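Trainee: I would like the atomic coordinates for the input below:
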Amino acid sequence: MADLPQVFNYKGKQVRTFIIDGEPWWVAKDVCDILELGDTHKAMERLDEDERNTIPVTDSLGRLQETYVVNEAGLYNLILGSRKQEAKEFKRWITHEVIPQIRKTGIYALEPKQLLAVAIIEAQKIIEEQDRKIKELQPKAEFFDAVAGSKDAIDMNRAAKLIYEETRLGRNKLFKLLRDKGILMKDNIPYQEYIDKGYFRTIEQKYTKPDGTTHIYIKTLVYQKGLDFIRKIVKEDNVIHLKRAKGV
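Mentor: Here you go, the predicted model:
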């Protein structure tokens, strides 16, 4: 799951942005609403695969919703696909204010009043989500702590972020490396061999798609020894590439 979004305001309309592997991704529905593109799904079909993605995002009711996001290239294509006068103003705002600020500082600089409002909204969401999770997980807490050692595990997205901070190897490239090494399957779920070694654990989670249907997906958790194992794999791969570059 992605981290909490940066939420900023364009003429009274919410625009949510996630920073993934150091690059901004915009919630497609927010952009389509501003550009009056109508059906978000149809707008996504017009984009190339590398310009769009879906990530689980927690809504105001604490539910995981599979949400379309677009990168910078996808954002520009959506803007070009709108015939509204608003598209030109929105593009200028994005290119002259938002993106330069994100690239410079990693965040969009809100006005103090806007920042306070966003902070209050996000804090309330966090509190509601934590309360919901506490009620849901309370009966299972002792079981997971005793049997699976859940306190020592983090999800794969968090592990990928830690690896990125240490090595600058992005999430997608990391997952590809682990697939190439035979550690992850095509759907990025670890092979049973590495689960049995105590590197990973998988759990089932539910999420709701934009069309309202509920689905189950497998979430991978990484133990500390698994994180150390991944670090070793990345380090060895870097050494191989370095030797090849030197012609050794």
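Trainee: what sits against the residue nearest to Ile183 when sequence neighbours are not counted?
Mentor: Leaving aside its sequence neighbours, Ile183 sits nearest to Tyr194 (C-beta to C-beta, 6 or more residues apart in numbering; 5.7 Å). Placement of C-beta: from N, CA and C, glycine included. Taking C-beta atoms under 8 Å, 6 or more residues apart in numbering, we find Tyr194 in contact with 183, 200, 226, 229.
Trainee: Go ahead and confirm Ile20 touches Tyr164.
Mentor: No. Ile20 lies out of contact with Tyr164 (C-beta atoms under 8 Å); the separation is 9.9 Å.
Trainee: measure the closest residue to Lys11 other than its chain neighbours to Glu45 for me?
Mentor: Excluding its sequence neighbours, the residue lying closest to Lys11 (C-beta to C-beta, 6+ apart) is Ile34, at 8.0 Å. Noted for Ile34: a distance of 19 Å to Glu45, by C-beta to C-beta, to the nearest Å.
Trainee: and those two? which has more neighbours close in?
Mentor: Ile34 (22 against 9; other C-beta atoms under 10 Å).
Trainee: wouldn't that one be in contact with Glu86 here?
Mentor: Yes. Because the distance of 6.6 Å satisfies C-beta under 8 Å, Ile34 is recorded as touching Glu86.
Trainee: So which of the contacts of Tyr194 is the closest to Asp155?
Mentor: Checking the contacts of Tyr194 against Asp155 with C-beta to C-beta, the nearest one is Phe200 at 10.5 Å.
Trainee: Tell me who's in contact with the residue lying closest to that closest one once chain neighbours are set aside.
Mentor: Counting by C-beta to C-beta, 6+ apart, the nearest residue to Phe200 once its immediate chain neighbours are dropped is Pro190, at 4.3 Å. By C-beta under 8 Å, 6+ apart, the contact set of Pro190 is 183-184, 199-200, 202, 220.
Trainee: can you name the two of these that are farthest apart?
Mentor: Across the contacts of Pro190 (C-beta to C-beta), the longest gap, 13.4 Å, separates Ile183 and Thr202.
Trainee: Of the two, which one has the most company?
Mentor: More crowded of Ile183 and Thr202, by other C-beta under 10 Å: Ile183, with 20 against 13.
Trainee: Report the contact partners of that one.
Mentor: Contacts for Ile183 (C-beta under 8 Å, 6+ apart) come out as 190-191, 194, 233.
Trainee: and what of Thr67?
Mentor: Going by C-beta under 8 Å, 6+ apart, Thr67 touches 27-29, 54-57, 210.
Trainee: Is it bridged to anything, and to what?
Mentor: Beta-bridge pairing for Thr67 (DSSP bridges): Ile55.
Trainee: Check what pLDDT it gets.
Mentor: Per-residue confidence (pLDDT) for Thr67: 90.
Trainee: what residues go with each domain of the chain?
Mentor: Domain assignment for the chain, taken from automatic domain parsing, gives 6-116, 148-246.
Trainee: can you list those in JSON lines and add distance to Arg132?
Mentor: Supplementary listing: the domains of the chain in JSON lines, determined by distance: least, C-beta to C-beta, whole Å:
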{"stretch": "domain 6-116", "distance to Arg132": "5"}
{"stretch": "domain 148-246", "distance to Arg132": "13"}
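Trainee: all strands for this protein, in order.
Mentor: According to DSSP state E, the chain carries its strands in the segments 6-10, 13-20, 23-27, 52-58, 64-70, 154-155, 200-208, 214-222.
Trainee: tally of neighbours for Glu23?
Mentor: By other C-beta under 10 Å, neighbour count at Glu23 equals 12.
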